[in-house]
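>>> Build me a structure from this.
(one chain, ligands or ions: 2)
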Amino acid sequence: MANVPNITLNNGVEIPQLGFGTYQIEPENTREAVRTALEVGYRHIDTAEMYGNEKEVGEGFRDSGLAREDVFITSKLNNGFHAEADVAKAIDQSLADLQVEQLDLFLIHWPLPGIDVDFVETWKGMEQLYRDGKARAIGVSNFQTNHLNRLRDQTDITPAVNQIEVHPYLTQDELRAYNAERGILTEAWSPIAQGKVLDDPAIVRVAERHGKSPAQVTLRWAIQRGDIVFPKSVTRSRVEENFALFDFELSEDDITAISTLNRDERTGPDPDTFNMIPS
Ligand SMILES: NC(=O)C1=CN([C@@H]2O[C@H](COP(=O)(O)OP(=O)(O)OC[C@H]3O[C@@H](n4cnc5c(N)ncnc54)[C@H](OP(=O)(O)O)[C@@H]3O)[C@@H](O)[C@H]2O)C=CC1
Ligand SMILES: O=C1CO[C@H](CO)[C@@H](O)[C@@H]1O
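Residues are numbered from 1 along each chain as shown. Ligands and ions are numbered 1, 2, ... in the order given. Down below sits the predicted model:
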C-alpha cells in the first residue's frame, strides 16, 4: 500500500497528511479504535480534552507497540482553560492522560471571541509551553481571518496549523488561501461532513469513474488540495477504506466538480459566535 506523505510545518516538524479522528468515539471504544487505526497503518491521531478519551487514546497507542516518535499525536486546549496561567496546567493534564512526555501538536480548540479572556493571552500561554518543550508544534483551531490577524499583530509565533471545518459543502477557499499565504497549514475537520456528502450525485459520479467509494474520493479531494485530514470511524472496514487514498489521482475536472458543491454549509458551530465553556 502506498505510503502516507508527510507535510512540513512552518517550524520544520513533519506531520502525516492523513490521520485518524477520535471525536465521538466513546471512551470504552477508543482504545480498540486507536489500536485498529495504528494496525491499519495510520501514524497520526487527532484527539482533544473535549472528547473525553485522551486516556484511552494513550492506551491504544501503547497497545500498538509503536515507538513514540513514529506516531504523531495532536490534542487541544479545552474551552475552560483560556487564561494564560491555565494553559500549562491543561497541557500537563493532557500529557498525563495520554501518558506521553510531549505532544506533537497542541491547538487552541476554539477562539471563543465573546468570553472575558482574550485568545491573544491564551496564545501567549501556548508560546510558553512550546518554548518549554511540551509540544513540538502549536496551532489553532476554528480561527477566522480576524482572529488570526490579531495573533499576527500581537504575538511572536505563527500558528503551525489552523484546524477548521472543510468538506465539499464548506470549501473554505478564502480562509484556506489566507492560511497558505501565512505559512499556516489547513487541517480539515469533518472531512466527509460526518457522512452528509456521501450520497451527493456529483461525488457518487466521480467515485464510480475511479472505482472508489464516495468517502475515498472526498478525502482524496482534500488531500490533493493540500489539506491534512483525519476521518473518524469505529468500523474497521471504513478505517481501511479511508486509509487507501494514495493509489489513485483525481483529475482537475474531478476536483472542480467536487469544489463547486460548496454551499457554505457548516455541520458544526460558527467560530465567530461559539463561546461555550463546559460547566
Ligand atoms: N477542531 C474541531 O473543532 C473539530 C475537530 N474534529 C476532528 O476531525 C475528526 C473528523 O471529523 P468528524 O466530525 O469525526 O467527522 P467525519 O467527517 O470524519 O465523519 C465521521 C462519520 O462518518 C462515518 N464514516 C467514516 N468513514 C466512512 C466511510 N468510509 N463511509 C461511510 N461513512 C463513514 C463515521 O461512522 P462510523 O464511525 O460509525 O464508522 C462517522 O459517523 C474528528 O474525529 C476530530 O478528530 C471534528 C469536529 C470539530
Ligand atoms: O472538536 C469538536 C467536535 O465537534 C464539536 C461539534 O461540532 C465541536 O464543538 C468540537 O470542537
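
>>> Checking my notes, Ile45 in a helix, right?
No - under DSSP: H, G, I helix; E, B strand; the rest coil, Ile45 sits outside any helix and is assigned strand.

>>> Give the bridge partners for it, please.
Following DSSP bridges, Ile45 is listed with bridge partners Phe20, Ile73.

>>> Please look at it and Thr36 and confirm they touch.
No - judged on Cβ atoms under 8 Å, Ile45 makes no contact with Thr36 at a distance of 11.7 Å. No exception for glycine: its C-beta is placed from N, CA and C like everyone else's.

>>> higher neighbour count, those two?
Ile45 (26 against 20; other Cβ atoms under 10 Å).

>>> check contacts around the closest residue to ligand 2 within the stretch 101-250 of the chain.
Relative to ligand 2, the nearest point of the stretch 101-250 of the chain is His109 (5.6 Å; Cβ to the nearest ligand atom). Contacts for His109 were tallied using Cβ atoms under 8 Å, 6 or more residues apart in numbering; they are Ala48, Glu49, Met50, Lys76, Leu77, Asn78, Asn79, Ser141, Asn142.

>>> State the pLDDT value of it.
Looking at His109, its pLDDT is 98.

>>> Now Val234, what are its backbone angles?
phi -100, psi 10 (degrees, to the nearest 10).

>>> quick one: the strands in the stretch 1-150 of the chain?
For the stretch 1-150 of the chain, strands defined by DSSP state E, counting those that start in this stretch occupy the ranges 6-8, 14-16, 20-21, 44-46, 72-77, 105-108, 138-141.

>>> closest one to ligand 1 among these?
Here strand 20-21 is closest among these (Cβ to the nearest ligand atom), at 2.4 Å.

>>> just checking, Asn29 touches Val234?
Yes - if you go by Cβ under 8 Å, Asn29 and Val234 touch, sitting 5.7 Å apart.

>>> Neighbours of Ile277, how many?
Ile277 has 13 nearby residues by other Cβ under 10 Å.

>>> Show me which residues of the stretch 101-250 of the chain sit near ligand 1.
Counting by Cβ under 6 Å from any ligand atom, the stretch 101-250 of the chain comes close to ligand 1 at 109, 141-142, 163, 189-195, 198, 213, 215, 230-235, 238, 241-242.

>>> are any of those buried, and which?
The neighbour count (16 or more other Cβ atoms under 10 Å) marks 109, 141-142, 163, 189-193, 198, 213, 215, 230-234, 238, 241-242 as buried among these.

>>> Could you tell me which of those residues are located in helices?
Assigned to helices by DSSP state H, the following of these qualify: Ala215, Arg238, Glu241, Asn242.

>>> Now the two most distant members of the residues you listed.
For these, the farthest-apart pair by Cβ to Cβ is Ala215 and Arg238; their separation is 7.2 Å.

>>> how about whichever residue of the chain sits closest to ligand 2, what does it touch?
The nearest approach of the chain to ligand 2 comes at Gly268, 3.0 Å away (Cβ to the nearest ligand atom). Contact analysis of Gly268 by Cβ under 8 Å, 6+ apart lists Glu165, Trp189, Ser190.

>>> any idea which of the residues you listed is closest to Thr260?
Distance to Thr260 across the contacts of Gly268 (Cβ to Cβ) is lowest for Glu165, with 18.4 Å.
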